[in-house]
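Engineer: 3D model of this:
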Amino acid sequence: MPMMNWREYWNQDTPIYSGERHKLLHYKLVANDIIGHIPSRDAIVLDYGCGEALFADQVAAKCAKLYLSDAAPLVCERLQAKFSGNERIAILSPGEVSGLADASLDLIVVNSLLQYLSLDELRGLLKLWRSKLKSGGKLVIADVIPPDVSPVTDAKALLSFAWHGGFLKSAAVGLARTAFSDYRKIREEIGLAQYSEDEMADILQDAGFTPTRAPRNFGHNQARMTFIGQVA
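Structural biologist: Predicted structure coming up:
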């Protein structure tokens with residue numbers, strides 16, 4: 001049986017969260033981080049590779065329009081079911097993102113996606129995102145994994161998050177479960193893309209952005225990095 005790829009892996013229920021409390025706290029943190037980058041109430045925002053985006057309604061309340069896009073059809077179905085009644089939110093497939101008007105977005109957020117892309121895929125998406133942002137618009141790429149960050153570092157960050165979030169027992173069980181899951185197998189087989197700060201700066205510059213590293217990463221794992229690409 002052939003090994004599934006990352007796209008196939010995320011188009012299913014996965015064991016990546018140790019329980020409902022872990023998932024809720026994770027998405028709440030990310031929603032707050034996104035809100036912190038919204039420039040105004042009139043902003044048009046795209047959350048690309050958004051996952052289940054459980055608190056997207058709170059993000060949408062801080063801007064004029066929020067587009068949610070994910071490559072997994074199962075995720076998009078759940079987003080439609082949850083947010084179809086919210087006029088500020090629209091669910092788009094990656095192909096539909098290409099159909100957005102050029103220079104129409106104020107902010108694009110890409111959280112915890114780069115590790116699952118090849119460099120060629122990333123360069124292609126950067127070209128797309130650059131074309132959709134207005135002059136003065138901003139691309140925020142979060143949860144970038146540096147080359148020196150190991151699964152052990154990630155596990156320690158999760159356990160610290162779980163300790164403070166009140167789900168330490170389920171997090172420990174979840175880590176053990178993940179160790180025997182398809183996630184570990186795919187990570188060993190395909191790997192995760194990792195970039196240094198200098199590499200990310202060069203890649204963003206090549207794509208036409210003015211890059212800076214944000215002072216903190218999205219979410220709980222501060223061993224990873226967030227970058228801001230500004231459009232002139």
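Engineer: and the helices in this structure?
Structural biologist: Ranges of helices within the chain are 6-10, 20-35, 56-60, 73-83, 94-98, 119-132, 151-165, 168-179, 182-189, 197-206, based on DSSP state H.
Engineer: just the C-alpha atoms of the second one, please, in CSV.
Structural biologist: Think helix 20-35. Output in CSV follows, covering the C-alpha atoms of helix 20-35 (Å, rounded to 0.1, in the frame of the first residue of the first chain):
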residue,chain,number,x,y,z
GLU,A,20,-11.4,18.7,22.3
ARG,A,21,-9.8,21.0,24.9
HIS,A,22,-6.5,21.0,23.1
LYS,A,23,-8.1,21.7,19.7
LEU,A,24,-10.3,24.6,21.2
LEU,A,25,-7.3,26.2,22.9
HIS,A,26,-5.1,25.9,19.8
TYR,A,27,-7.7,27.5,17.5
LYS,A,28,-8.5,30.2,20.1
LEU,A,29,-4.8,31.2,20.3
VAL,A,30,-4.5,31.3,16.5
ALA,A,31,-7.7,33.4,16.1
ASN,A,32,-6.3,35.9,18.6
ASP,A,33,-3.0,36.0,16.8
ILE,A,34,-4.8,36.6,13.4
ILE,A,35,-6.9,39.4,15.0
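Engineer: for it, packing partners?
Structural biologist: With contacts defined as 3 or more Cβ pairs under 8 Å, 6 or more residues apart in numbering; DSSP states H and E, helix 20-35 has these neighbours: helix 56-60, strand 105-111, helix 151-165, helix 168-179. In short, each C-beta sits where N, CA and C put it, glycine included.
Engineer: adding distance to residue 46 and mean pLDDT, write the ones you listed out as TSV.
Structural biologist: Shown next, in TSV, are the helices and strands packed on helix 20-35 (distance: least, Cβ to Cβ, whole Å; pLDDT from 0 to 100):
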stretch	distance to residue 46	mean pLDDT
helix 56-60	11	98
strand 105-111	5	98
helix 151-165	27	85
helix 168-179	30	75
